[in-house]
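> Pasted the sequence and its predicted model underneath.
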Amino acid sequence: MQTSNESGAPAENGFDAIVVGAGMVGSTLSWLLADAGMQVALVEAQAQPPLHEVSGLPSPRVSALTPVSQRLLTHIGAWPLMVNARVTPYRYMQVWDAEGSGEISFSADEAGVSVLGHIVENDVTLSALHTTLQDQGRVSIFFGTPVDALEASTSGRQLRLANGQSLHAPLVVAADGARSVLRDMAGIDVVSEAMGQEALVTTVRCGYPHGDTARQAFIDGCPLAFLPLTVEGDPHYCSIVWSTTPAHAEALCQLSREALGEALGHALGERMGAVSVCDKAHRFALVQRHAVHYVQPHFALVGDAAHSLHPLAGQGANLGLMDAAVLADEVTSAWRRGAPWGELSTLSRYARRRRGDNRAMLALMKGFKTLFGSHDPALTLVRNLGMSGLHRLTPLKRMVMRQATGERGRLPASCR
């Protein structure tokens, strides 16, 4: 890996692919492309972050990574580094409607897998990915380098960077997040829908151990998740994600830590005993977005640049990682056989493989929000009967769990 910033850069500015955004998705994609033999530029507007050192409390932002994402990160070499840092497996899930009697539980044994997933701090995953990139001599990283312009070139696309450099490649990929600058430069429209909620996140310590169980309660249409964390061998910690109204989120953030802990424990029905808040509470607005197009000639969107969704299913990071794996699958296949890897004939195959899965997940999240946000007595009865009925139908539950663990569609070789 070559690292560059405003003070200097590799003299050669032509690459096989340019990825903009060095987050989890962009870093994964860059590694996969380079591993196939491609020369890759990874451009990141922010300064290079220090490698994350795990000590004390977990970072507030976490992801629930599926077994399929685990296999992908293992293929890259990041997973062992993450395990050495901090990951928490969960083997069980409990979901219930606080407004009624509906409840459903899932277990890894029922799904025929060893775990349903792992809760991992985003900083841990990103640090491991950046470490693996250090061994990739075909990746040049430009940290602290915003993009000023995206232009067409005779052989693909060209980026003009804020430091005065120009980079060009047959393929440019935007992995720069939900408010993607590259997506706007490419003129790709996005359908946005404000969810009318904000997510409050923090870390807590509970009176009872989490028991390798992820818990989620729907409270007046607002999902509250207690996601298991193990800190220095102590299984009493959880990461909190409470998606609620902006006014309620603001009020919760104004509470003392003691009062917030009491509110969280009461909202969960005291299932975890006394709750102590360990860290500052953060909140951010929830907006679902879906790009009208994923690809143009010599240009593609991945991750949150293509889609962002409600966190209640914890699938955002997994969808983005699968975007990276599928795009790399199609591009490197074309690269190896000498086909034009940046043209629509190649990129459209990526779009077809990913758009349906992402659209289905976005629709599912919207449907859940509508179903659980309704106070209509008929809908309340339907959702409670539905949850309880599904709990008793083991074959159907197993199918749902296989979907939730990422086993959907044709998986790239890096994820098998």
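On my side now, so go ahead. Note that the coordinates shown come from a computational prediction; the quantities given were computed from them, not determined experimentally. Numbers count the residues shown, from 1 in each chain.
> the helices in the stretch 251-400 of the chain, which residues?
For the stretch 251-400 of the chain, the helices defined by DSSP state H, counting those that start in this stretch occupy 257-267, 316-336, 344-373, 377-392, 394-404.
> For those helices, which has the smallest mean pLDDT value?
For those, mean pLDDT drops lowest on helix 377-392, to a mean of 52.
> and the closest residue to Val147 other than its chain neighbours, what helix or strand is that in?
Nearest-residue entry for Val147: Leu159, 5.4 Å, with adjacent residues in sequence omitted and distances by Cβ to Cβ, 6 or more residues apart in numbering. Yep, even glycine has a C-beta here, placed from its N, CA and C like the rest. Leu159 is part of strand 156-161 when elements are defined by DSSP states H and E.
> quick one: the residue nearest the centre of the chain and Gly265, what's the gap?
Most central in the chain under Cα atoms, centre = their mean is Ala317, positioned 1.3 Å from the mean C-alpha point. Using Cβ to Cβ, to the nearest Å, one gets 28 Å for the distance from Ala317 to Gly265.
> ok so, going back, so what are the sheet partners of the strand holding Leu159 and their directions?
strand 147-153 (antiparallel), strand 166-169 (antiparallel) (DSSP bridges).
> Just the buried residues of the first one, please?
By neighbour count, and taking 16 or more other Cβ atoms under 10 Å as the criterion, the buried residues in strand 147-153 are 147, 150.
> Counting residues, which strand of this protein comes out longest?
For the chain, the strand with the greatest residue count under DSSP state E is strand 190-206.
> From the chain's centroid, how far away is whichever helix or strand comes after it?
Later in the chain than strand 190-206, the nearest helix or strand by DSSP H and E is strand 213-219. Here the centre of strand 213-219 is set off from its chain's centre by 19 Å, with Cα atoms, centre = their mean, to the nearest Å.
> before we move on, what about stretch 251-270?
On Cα atoms, centre = their mean, the centre of stretch 251-270 falls 27 Å from that of its chain.
> May I have the distance across stretch 150-168, first residue to last?
10 Å (Cα to Cα, to the nearest Å).
> With Leu129 as the reference, measure out to the residue nearest to the centre of the chain.
12 Å.
> Now the common contact residues for the two.
Met24 (Cβ atoms under 8 Å, 6 or more residues apart in numbering).
> can you tell me which residues contact Cys238?
Taking Cβ under 8 Å, 6+ apart as the test, what Cys238 contacts is 203-206, 210, 226-229, 272.
> thought Ser30 was touching Glu44?
No: shown here, Ser30 and Glu44 do not form a contact pair, counting by Cβ atoms under 8 Å, at 10.4 Å.
> quick one: contacts for the closest residue to Arg160 other than its chain neighbours?
Nearest residue to Arg160 in three dimensions, chain neighbours excluded: Ala149, at 4.2 Å (Cβ to Cβ, 6+ apart). Contacts for Ala149 (Cβ under 8 Å, 6+ apart) come out as 159-160, 185.
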